[in-house]
Structures are given as C-alpha cells and as structure tokens.
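*Asks:* pasting a predicted model and its sequence here:
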Amino acid sequence: MGLLEVLFPPRCAGCARGPWPFCGRCLADLAPLSPPWCRRCGLPLQADVERCPRCPAPPLAGARAAFAYEGAARAAVHRLKFSGQRRVGEALAPAMAAVAGPSPDVIAWVPLSRRRRAARGYDQAEVLARSVGRALGVPVAGLLVRVEETPPQARRPVAERRGAMRNAFRTVRDPPASVLLVDDVLTTGATAAACARALVEAGAREVVALAAARALPGAAPGRIYSARGSPSGSVVARGTVPR
C-alpha cells in the first residue's frame, strides 16, 4: 500500500463515503444477476430458457452482466465514467469475472471514439477490461477502434441503435478464436453486436459480451418481484417471462 492510499484510503465505489470496495448499505443495494435466466444473454427470468426475445443480434454468441443497472451499481458506473474514479473498475471486476463463463483467448473492450476518450482522459470500458483480465488471469488487448462518432444511444429505439452502430467499429489486429468483449453497461446489445460483427469478420469464432451492469426495462428488485428460488436482491425482467 502506497503512502497516498494510507493518507487517502479509497472509499465505497457506490456512495464514496463508506469503506472500500462497497459499504454495507451499497452492498445491500446491489442487485446481482443470476439464474434463472436466458442462458444465451443472461436476462433474468422466472425459469431458465435457451433464448429470449431480448437476446442481442448475431454474431454475438452471448452476454452476461454482473448487476442490474440501478442503485449502487448505477452510481458506481457513473463514478467510473464521469468522476474520473478509475479504481471503481477494481471494485466491479470480481463480480464481472464471476459471471464471465468459460475462459476466453483474450479480453477486449468496446472502445470510445477518439474525441470522447480525449475529453475523458481514459476509456472506462478499457479500465474494466484490464481489471477483469487481472481477476481472470486472461490477456487483454485493444482489438477495435470506433470509426464513426455516434450520438448517445441510451434513449434510441432498438432498430435505430442497430442501424446507427452497424459500421461504427473496425479491428486493428487479427483477433483469436474466442473474445470476451467488455463494456460498462449493456442495454439492447446493439453496440456489442456491432463490435462482434467486426471481430467475426476479422476471424474470431466466438464473441461474448460482459458488462458491469445491465439496463432492465420493467425490472424490479427481487424483494418486490422475484423468481422462486432467486437469491435475495436479484432481479427479474417483467414482460419477458416465458409462459
């Protein structure tokens, strides 16, 4: 531990007030994503299914996220993205590594545009990728660049997001057979699918997305609406429950 860490110890990744990495209050506020879920995209459901209506488009082979994008997880992602708190990546990485699945050949990340990276001073997805790489003992490589500046996608319909992202990325080196693609938040999967398309066209055989958090429209904490047997604090997405 360095002198600066002794004098200024890191604070809770969620609230920036309690102990590192998450204080008790923020830890209780996290909503981890776990089975039962869609086995392909990791969407929490009332029963396991092989595919669901919200699965990201091919050629993305699958997707996972550590937490629902709400509460302390949302706060932590915002601190990582907008407050310069790069160490938050270390707090989120263990949970991401736990749901990552089989070990890939390499870990890559969804890159920011050159302009946004310059303005921020770093790429939050790269920070997460390198933290996950250390947790899993897997090499990390920058395989992609963003070649088109795209407007914020969060509030755009799925079809518009997919169209806007279609040609937004290209590879800068040949990828290995299996790639774990890291980003901060997974919403529709359109951005990850566009990255996967570029990687597969360059030679990758399998690309799986991994995010710190996933936006779940219509989701509620498990203590309000949960699948039977789900762990406390988990979530279930409404409107996607198989019948």
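*Replies:* That came through, no problem.
*Asks:* report the contact partners of Ala100.
*Replies:* Ala100 is in contact with 64, 132, 136, 180, 208, 210, counting by C-beta atoms under 8 Å, 6 or more residues apart in numbering. For glycine as for every other residue, the C-beta is placed from the backbone atoms N, C-alpha and C.
*Asks:* a markdown table please, covering those residues and showing pLDDT and secondary structure.
*Replies:* A markdown table is the format used below for those (pLDDT from 0 to 100; DSSP: H, G, I helix; E, B strand; the rest coil):
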| residue | pLDDT | secondary structure |
| --- | --- | --- |
| Arg64 | 98 | strand |
| Val132 | 99 | helix |
| Leu136 | 98 | helix |
| Leu180 | 99 | strand |
| Val208 | 98 | strand |
| Leu210 | 99 | strand |
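*Asks:* make CSV out of those residues and add distance to Val200 and neighbour count.
*Replies:* Output for those, formatted as CSV (distance: C-beta to C-beta, whole Å; neighbours: other C-beta atoms under 10 Å):
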residue, distance to Val200, neighbour count
Arg64, 19, 21
Val132, 21, 27
Leu136, 22, 18
Leu180, 14, 28
Val208, 12, 22
Leu210, 17, 27
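*Asks:* look up phi and psi at the residue most central in space within the chain.
*Replies:* Nearest to the geometric centre of the chain sits Ala211, at 1.0 Å (C-alpha atoms, centre = their mean). Note on Ala211: backbone dihedrals following degrees, to the nearest 10 are phi -130, psi 160.
*Asks:* gap between it and Glu201?
*Replies:* 22 Å (C-beta to C-beta, to the nearest Å).
*Asks:* about what we covered before: in terms of contact, does the residue nearest to the centre of the chain touch Leu180 like I think?
*Replies:* No: using C-beta atoms under 8 Å, Ala211 is not in contact with Leu180; the gap is 11.0 Å.
*Asks:* burial of the residue nearest to Cys55 when sequence neighbours are not counted, as a residue count?
*Replies:* Nearest residue to Cys55, sequence neighbours excluded (C-beta to C-beta, 6 or more residues apart in numbering): Cys41, at 4.5 Å. Residue neighbour count, defined by other C-beta atoms under 10 Å, stands at 24 for Cys41.
*Asks:* got the contacts of Ala100 as CSV, with distance to Ala75 columns?
*Replies:* Listed next are the contacts of Ala100 as CSV, based on distance: C-beta to C-beta, whole Å:
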residue, distance to Ala75
Arg64, 21
Val132, 20
Leu136, 25
Leu180, 25
Val208, 26
Leu210, 20
